[in-house]
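1. Have a look at this fold, sequence not included:
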């Protein structure tokens, strides 16, 4: 889902004390990190490396799990967390909704880590065949942009397909029932569908999108505790290096967390880069292309400038 007033209201209603909680965390010197079930941050949490890095700074860490990037960024906007990561699309919606996010790092491109899938016996052979068809996807996610660009490349207007906005679990069920014609999805759900039900790719992101992962904080936290932001990014880099050096061990650690067998996770992990780098002008420019495409399609209410939300380089 994209950021909505309802989403913000729900978070506020659930917390009711976001302002108090933020003040309390500032007094307690806590960094509140949002994570998803798959990615570097959950491994950082499980290994406990960050806690050791933060002790010399007088900070502790509080972890919160989210089902997807849009919900994580709703929490960032509501003041419920200080740090998190998502793919390319969720921060576009968040910035357009006024969230005070700041890009502080990114993972290198992983275009093979998302794809448009069709069932094994589908008559559809190319993205061009999606005209008039129903495509399941998580609204406001990375694959939303993949679908937009893939259709554009194939000469099909976005208005000529029928998007079905579903979470990965609901989309998988609809895909297996035959309620949708195709499914735009990311790893590890992509790898799982390819392996277990022999879903077939119409296209992955290769030559179409970069599929970056971004790390964020809020402007207030970046100003208040830049050394903590740097410590978190250092922890992410350390975990990324471990994953690249130990893919089988990483797959074994992920498996019980998300209920996906180790061999499938090994495929998914091989399609990611697992590193963290400072935001560059080139990456900013590519992210601006995502924002401009979404604005052109009316998916966000206003034009935004990505450079306004990028952490200034250290002098």
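-> Cool, got the structure. Model, not experiment: these values are computed from the prediction.
2. by contact count, what packs against the helix or strand hosting residue 190?
-> Using DSSP states H and E, residue 190 sits within helix 189-196. For helix 189-196, the packing partners by 3 or more C-beta pairs under 8 Å, 6 or more residues apart in numbering; DSSP states H and E come out as strand 114-118, helix 168-177, helix 262-270. Bear in mind the C-beta positions are built from the backbone N, C-alpha and C, glycine included.
3. Could you count how many residues lie near residue 33?
-> Residues near residue 33, counting by other C-beta atoms under 10 Å, number 22.
4. For stretch 36-50, give the mean pLDDT please.
-> For stretch 36-50, mean pLDDT is 90.
5. ok, now stretch 78-89?
-> So the average pLDDT for stretch 78-89 ends up being 94.
6. Same question for stretch 227-240.
-> 96.
7. Name the residues of it that are buried.
-> For stretch 227-240, the neighbour count (16 or more other C-beta atoms under 10 Å) marks 228, 229, 231, 232, 233, 235, 236, 237, 238, 239, 240 as buried.
8. Reformat those residues as a markdown table; add secondary structure and distance to residue 193.
-> Output for the buried residues of stretch 227-240, formatted as a markdown table (DSSP: H, G, I helix; E, B strand; the rest coil; distance: C-beta to C-beta, whole Å):
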| residue | secondary structure | distance to residue 193 |
| --- | --- | --- |
| 228 | helix | 38 |
| 229 | helix | 36 |
| 231 | helix | 37 |
| 232 | helix | 32 |
| 233 | helix | 32 |
| 235 | helix | 31 |
| 236 | helix | 28 |
| 237 | helix | 31 |
| 238 | helix | 31 |
| 239 | helix | 26 |
| 240 | helix | 25 |
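9. which one of the residues you listed sits closest to residue 140?
-> The closest of these to residue 140 turns out to be residue 236 (C-beta to C-beta; 23.2 Å).
10. Leaving out chain neighbours, which residue sits closest to the closest one?
-> In space, and not counting its chain neighbours, residue 236 is closest to residue 276: 4.7 Å by C-beta to C-beta, 6 or more residues apart in numbering.
11. list the helices and strands the host helix or strand of residue 74 packs on?
-> In the assignment (DSSP H and E), residue 74 maps to helix 69-78. With contacts defined as 3+ C-beta pairs under 8 Å, 6+ apart, helix 69-78 has these neighbours: helix 5-15, strand 30-35, strand 83-87, helix 89-96, strand 101-107, strand 213-218.
12. dump the residue contacts of residue 73.
-> 3, 84, 86, 90, 91, 93, 94, 99, 101, 216 (C-beta atoms under 8 Å, 6 or more residues apart in numbering).
13. How confident is the prediction for the first one, by pLDDT?
-> According to the prediction, residue 3 has pLDDT 43.
14. where does the residue nearest to residue 236 sit relative to residue 304, distance-wise?
-> 24 Å (C-beta to C-beta, to the nearest Å).
15. who's more crowded, those two?
-> Neighbours per residue (other C-beta under 10 Å) separate residue 276 from residue 304, with residue 276 holding more: 25 against 22.
16. List the residues that contact the more buried one.
-> Contacts of residue 276 by C-beta under 8 Å, 6+ apart are 40, 105, 106, 107, 215, 233, 236, 237, 240.
17. cool, residue 172 as well?
-> Residue 172 sits in contact with 183, 185, 189, 193, where contact means C-beta under 8 Å, 6+ apart.
18. how deep is the closest residue to residue 213 other than its chain neighbours tucked in, by neighbour count?
-> For residue 213, ignoring the flanking residues on the chain, the nearest one in space by C-beta to C-beta, 6+ apart is residue 107 at 4.0 Å. Look at residue 107: counted by other C-beta under 10 Å, it has 22 neighbours.
19. Make 49 the starting number, not 1.
-> Sounds good: first residue 49 from here, last item residue 155.
20. From residue 165, how far out is residue 155?
-> For residue 155 relative to residue 165 (C-beta to C-beta), the value is 23 Å.
21. Now stretch 243-263: buried residues?
-> So for stretch 243-263, counting by 16+ other C-beta under 10 Å, buried means 243, 247-248, 250-253, 256-263.
22. Go through these and say which is closest to residue 77.
-> Distances from residue 77 to the buried residues of stretch 243-263, taken by C-beta to C-beta, are shortest for residue 263, at 20.4 Å.
23. any idea how far the closest residue to the closest one other than its chain neighbours is from residue 283?
-> Closest residue to residue 263 apart from its sequence neighbours, by C-beta to C-beta, 6+ apart: residue 153 at 4.1 Å. In this view, residue 153 and residue 283 are 11 Å apart by C-beta to C-beta.
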